[in-house]
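Undergrad: With the input below, show me the fold.
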Amino acid sequence: MTTPRSLPSDRHERLLAMRAERRLIDDADVEAAVEEVDHSQLVPLLEEFVHLPRGRHRTLRLRSLLVGLHLCAQDTVGKIVLERVTDILYFRLSPHLRARLGIPEYEDHDRGFEAAYAVVRRLFHAMKDAMNPSPLPPNGHLAREKANALTAAADVDDLAEQERRLALFTEFVLDASVRPLHDLLAELAEVSLGVDATPVRTFSRGRRTNGPELATDPDAGWYAREGDHKDPDAPVSDSMRPPPPTATKGKAKTSPGKKKTSLKKKYLFGYDAHLVVTRDAEHDAVLLDDGTPNPDVLPVVVLGMALDKPGQRPAYNGVKILDRLRERGYRPGYLAGDRAYNNSEPDEWQLPVRTMGYKPIYDYRVNQLGKQASADGAILVEGRWYCPSMPEPLITATIDLYTERIDQETWIRLIAARRGYRVMPKENADADGHQRMMCPAEAGKAQCPIKPHTLGRGIHLPLVDPEPSPAGPLKVCRQRTITVSPEAGAKHWQCLDYGSPKWQKIYFRLRNSVEGYNGYAKNPLAESIEAAGSRRIRGIAAQTILLAFQLAHANRRKIQKWLETLALGGERPRRRTHHRQKRKATGTWTPTGHLSRVG
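TA: As a prediction, this is how the structure comes out:
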């Protein structure tokens, strides 16, 4: 047995001195957090539906808790832990600010901290429970049969109301984070948006999809790398289906038509975070000659978000966010999303976004290329209406490129040649989305022998070669105009010519911006939103609340960095911007190697 070395007599005093070095938060930072919370209008919003139980008076107010959450995000570079919130509110604020916020004093020892932590935790969960759209309790391995019973017995109207509250809360949090840009965004004629879903982990270990118990975060699900990212073992929208009957003897057989799925394809257990970001779609974010950003091009920030099981209801979540943005006064502009959105049913995505005034632009899967629909004889080719007599090489140009029957230069030329055959709008769409359209010959873009008055306009206009038919000319060829309903070709219609230089500019600016923001917020040195440890409270409501504060912090960080890299008033910027790779010239993009082979 060894004996301890003799210690200096002042050891305890030195250790006490080390522990006493608690760093208080600067009063100016606290004042800024209080101002942010007050301007966000979150407190009156929460007071409408967070009804605290009667009994002993609550010693912590909702306003103070929100200030603590905001300060914690600032203190930890975008990560919120309730223990850290407790430490900030009760032990790292100056006495006069603590008194101003109505925060009582607790003894600075273990029992005092635990008592303060219990207050913070109870209030946070009371706030979370008032916005919880799930009937399933987290933090326990709930039996699947019990989960099904709770889901069946839940009041659908109550859950919908709590989902609305949660959406309002996230909206207010994110809106407060972009408050410095409100006036600049209001000056824009329209606000173009990119929408995408990115996977984020939850603080729970996933369970077998069809097992007898759910995970400790019952609202989460498995994310698969391929396809639509939905858990391949859960084909129904609600993954809480009853387990299959127990096999009697022998090896279990795979159901007919269902492929066995490797667990390696399941990337993570968590949620899809549906994010909507704003981006100046008309201008590149290229640097000025002095290497600083253009102050006329606003930074990319997230305006709306929603969580759901991976691969579940992309259209529902996207439309929910977009509708709220429109109600908040953002004037709809271009809208781009990945194929998960435009592969939805038209009644769920395409028609609602057009009704709201957004101008969608899409990319397509391989089996969606070429002719997609028809209306009164006009044909829809890769999202746009064309003359039914448009030459076959123009109709199949992208398909031929993908199958290597033509080269890149030929594809670019054929895409440009389509313009002469495009059915042109005669007037804007009416309130119901119906629009009068003219055939290209009537619009002065082509010449057609069916309409002799359009001939002789010059060799610069294409000469249409209609195919004879015993039934006579099609309606679009007989009449000067036709009326196209919004339902016609709704699944694939878009507002720009697919593959054209303008399509490339707008689509990839928006898509690259939302993908870039995902990477920005997933930075492990900052918010690290994909990591499970950055949000340690389970359940979709808690995960949404914490993620909203993380994204709000990412917005503030992005805005601040943008401001510090600007050269204003002839002065040098405070910080250098990152070096950027040279951008490819517009018109060099082709779908080869970009289109998915998935049908």
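
Undergrad: burial of Arg165, as a residue count?
TA: 20 (other Cβ atoms under 10 Å). Quick note: C-beta positions are derived from backbone N, CA and C, even for glycine.

Undergrad: which element is it on?
TA: Assigned by DSSP states H and E, Arg165 belongs to helix 156-177.

Undergrad: Would you mark the buried spots in that helix?
TA: For helix 156-177, burial by neighbour count (16 or more other Cβ atoms under 10 Å) applies to 162-163, 165-177.

Undergrad: so what does it touch, helix or strand wise?
TA: Packing partners of helix 156-177 (3 or more Cβ pairs under 8 Å, 6 or more residues apart in numbering; DSSP states H and E): helix 27-40, helix 42-49, strand 301-308, helix 314-327, helix 540-564.

Undergrad: The strand ranked longest in the chain: partners in the sheet, and parallel or antiparallel?
TA: Ranked by residue count and defined by DSSP state E, the top strand of the chain is strand 266-278. Strand 266-278 sits in its sheet next to strand 191-201 (antiparallel), strand 221-224 (antiparallel), strand 301-308 (antiparallel), going by DSSP bridges.

Undergrad: ok, now which ones touch the residue lying closest to Ile529 once chain neighbours are set aside?
TA: Closest residue in space to Ile529, ignoring its immediate chain neighbours: Ala521 at 4.8 Å, by Cβ to Cβ, 6 or more residues apart in numbering. Counting by Cβ atoms under 8 Å, 6 or more residues apart in numbering, Ala521 touches Gly78, Val302, Glu527, Ile529, Gln550, Leu551, Ala554.

Undergrad: returning to what we had before: export the helices and strands packed on helix 156-177 to JSON lines and append columns for mean pLDDT and distance to Asp129.
TA: Shown next, in JSON lines, are those (pLDDT from 0 to 100; distance: least, Cβ to Cβ, whole Å):
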{"stretch": "helix 27-40", "mean pLDDT": "95", "distance to Asp129": "21"}
{"stretch": "helix 42-49", "mean pLDDT": "93", "distance to Asp129": "10"}
{"stretch": "strand 301-308", "mean pLDDT": "97", "distance to Asp129": "17"}
{"stretch": "helix 314-327", "mean pLDDT": "93", "distance to Asp129": "21"}
{"stretch": "helix 540-564", "mean pLDDT": "96", "distance to Asp129": "7"}
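
Undergrad: out of those, nearest to Glu21?
TA: With distances scored as Cβ to Cβ, the stretch of the helices and strands packed on helix 156-177 nearest to Glu21 is helix 27-40 (18.7 Å).

Undergrad: tell me which residues in the closest one are buried?
TA: Going by neighbour count (16+ other Cβ under 10 Å), the buried part of helix 27-40 is Val30, Ala33, Val34, Glu36, Val37, Ser40.

Undergrad: give me every residue that touches the nearest residue in space to the third one that is not next to it in sequence.
TA: If the residues on either side of it in the chain are set aside, Val34 comes closest to Val67, at 5.6 Å by Cβ to Cβ, 6+ apart. Counting by Cβ under 8 Å, 6+ apart, Val67 touches Val30, Ala33, Val34, Val37, Leu89, Leu101.

Undergrad: Check Thr544 too.
TA: Leu166, Phe169, Thr170, Met305, Ala306, Leu307.

Undergrad: could you redo the last one with a cut-off of 7 Å?
TA: Contacts for Thr544 (Cβ atoms under 7 Å, 6 or more residues apart in numbering) come out as Leu166, Thr170, Leu307.

Undergrad: Looking at those, which is nearest Leu394?
TA: Distance ranking of the contacts of Thr544 against Leu394, using Cβ to Cβ, places Leu307 first at 43.4 Å.

Undergrad: Which strand residues bridge that closest one?
TA: Ala273.

Undergrad: now Arg436
TA: On the basis of DSSP bridges, Arg436 is bridged to Thr483.

Undergrad: Contact partners for it?
TA: Arg436 makes contacts with Lys426, Glu427, Thr481, Thr483, as judged by Cβ under 7 Å, 6+ apart.

Undergrad: of the residues you listed, buried ones?
TA: With neighbours counted by 16+ other Cβ under 10 Å, the contacts of Arg436 contain buried members at Thr481.

Undergrad: between the contacts of Arg436, which is closest to Val191?
TA: Nearest to Val191 among these is Glu427, at 25.1 Å by Cβ to Cβ.

Undergrad: Now the closest one: closest residue in space, sequence neighbours ignored.
TA: For Glu427, ignoring the flanking residues on the chain, the nearest one in space by Cβ to Cβ, 6+ apart is Arg436 at 5.2 Å.

Undergrad: That neighbour and Thr454, how far apart?
TA: Separation of Arg436 from Thr454 (Cβ to Cβ, to the nearest Å) stands at 18 Å.

Undergrad: ok, now Met437?
TA: Distance, Met437 to Thr454, by Cβ to Cβ: 16 Å.

Undergrad: where are the low-confidence patches of this protein?
TA: The chain contains residues with pLDDT under 70 at 1-9, 52-56, 232, 235-264, 266, 578-588, 592-599.

Undergrad: Can you pull up the most central residue in it?
TA: Taking Cα atoms, centre = their mean, the centroid of the chain lies closest to Leu275, which sits 1.6 Å from it.

Undergrad: Can you show me the helices along the stretch 251-400 of the chain?
TA: 314-327, 339-342, 350-355, 392-395, 397-402 (DSSP state H, counting those that start in this stretch).

Undergrad: The third one: how far from the chain's middle?
TA: In this case it means helix 350-355. Distance, stretch centre to chain centre, for helix 350-355: 17 Å (Cα atoms, centre = their mean, to the nearest Å).

Undergrad: How about Ala160, nearest residue that isn't a chain neighbour?
TA: Ranked by Cβ to Cβ, 6+ apart and with sequence neighbours excluded, the top spatial neighbour of Ala160 is Pro133, at 7.6 Å.

Undergrad: Where does the one you found sit: helix, strand or coil?
TA: Applying DSSP: H, G, I helix; E, B strand; the rest coil to Pro133 yields a three-state assignment of coil.

Undergrad: And for the one 3 residues further on?
TA: In the three-state summary, Leu136 is assigned as coil, counting by three-state DSSP.

Undergrad: That one and Ala153, how far apart?
TA: For Leu136 relative to Ala153 (Cβ to Cβ), the value is 12 Å.

Undergrad: right, and Pro486 touches Leu351 too?
TA: Yes - using Cβ atoms under 7 Å, Pro486 is in contact with Leu351, at 6.0 Å.

Undergrad: Show the end-to-end separation of stretch 378-395, please.
TA: End-to-end span of stretch 378-395 (Cα to Cα, to the nearest Å): 13 Å.

Undergrad: residues making contact with that stretch?
TA: Here stretch 378-395 makes contact (Cβ under 7 Å, 6+ apart) with 362, 364, 369-374, 377, 398, 414, 417-418, 421-423, 437, 439-440, 446, 464-467, 474, 476, 482, 484, 489, 492-494, 497-498.

Undergrad: Just the buried residues of those.
TA: 362, 364, 369-373, 377, 398, 414, 418, 421-423, 437, 439-440, 446, 464, 474, 476, 482, 484, 489, 492-494, 497-498.

Undergrad: circling back to that earlier point, got a markdown table for the helices and strands packed on helix 156-177, with distance to Glu515 too?
TA: As requested, those are exported to a markdown table (distance: least, Cβ to Cβ, whole Å):
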| stretch | distance to Glu515 |
| --- | --- |
| helix 27-40 | 28 |
| helix 42-49 | 30 |
| strand 301-308 | 13 |
| helix 314-327 | 16 |
| helix 540-564 | 14 |
